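Enquirer: predicted model follows, preceded by the sequence.
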Amino acid sequence: MLKNPRFINFAGFIACAALIGYALFAQYELGYDPCPLCIFQRVGIIALGFMFLIAGIHNPRGWGRRVYAVLIAIPALATMGVAIDHLHVQHLPEGAVPSCGAPLGVLIQFTPWLELIRKVLTGSGECHAADWHFLGLTMPAWVLICATLLGAVGVIVNSKRWAVPHPAR
């Protein structure tokens, strides 16, 4: 079962769904409001989970699996980049953090998309707060770890030849 790419792709999807489930639990039950960088990390994990799900459903052979390896790597790398940026903002000295500015909902409503993405990715005061910790690491650190592991597993599983024969179609 651990050498079955379809099973591992579905497991990757379940892991991404669990990460999003916990993020929503932390937001709505624990009261941790997500900052704009947190929202972008959620979007990355959702995209990664979607790629795992499609790879699991399609279950391609040969070069098709390599295509899914690339399609899994893209959101994983993007999520890792946003998480690294978020960690950088969290570790800036107090005076070097940009101001919070308008809430994300207002920005979405009144800002062109490219400008919105640029503003959100620069981080702000609300992104600087590190209220949630688990084993001494903040949420963006855990997102970085999870995106790295999930991305690596997805790329390895979908780009490697396995000894398990592919079912006949």
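Expert: Right, received. Where do you want to start?
Enquirer: dihedrals phi and psi, T138?
Expert: Note on T138: its backbone torsions stand at phi -80, psi 170 [degrees, to the nearest 10].
Enquirer: gap between it and I145?
Expert: Applying CB to CB, to the nearest Å, the value for T138 to I145 is 11 Å. Any C-beta I mention is one placed from the backbone N, CA and C, and that applies to glycine too.
Enquirer: between the two, which has more neighbouring residues?
Expert: Counted by other CB atoms under 10 Å, T138 and I145 do not tie: T138 has more neighbours, with 19 against 13.
Enquirer: the more buried one and A130 touch, don't they?
Expert: Yes: assessed by CB atoms under 8 Å, T138 is found in contact with A130 at 4.5 Å.
Enquirer: show me what contacts F10?
Expert: F10 makes contact with 52-53, 56 under the criterion CB atoms under 8 Å, 6 or more residues apart in numbering.
Enquirer: wasn't it part of a strand?
Expert: No: F10 sits outside any strand when classified using DSSP: H, G, I helix; E, B strand; the rest coil, being helix.
Enquirer: save the contacts of F10 as TSV, and put in neighbour count, secondary structure and pLDDT too.
Expert: Listed next are the contacts of F10 as TSV, based on neighbours: other CB atoms under 10 Å; DSSP: H, G, I helix; E, B strand; the rest coil; pLDDT from 0 to 100:
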residue	neighbour count	secondary structure	pLDDT
F52	29	helix	95
L53	17	helix	95
G56	19	helix	90
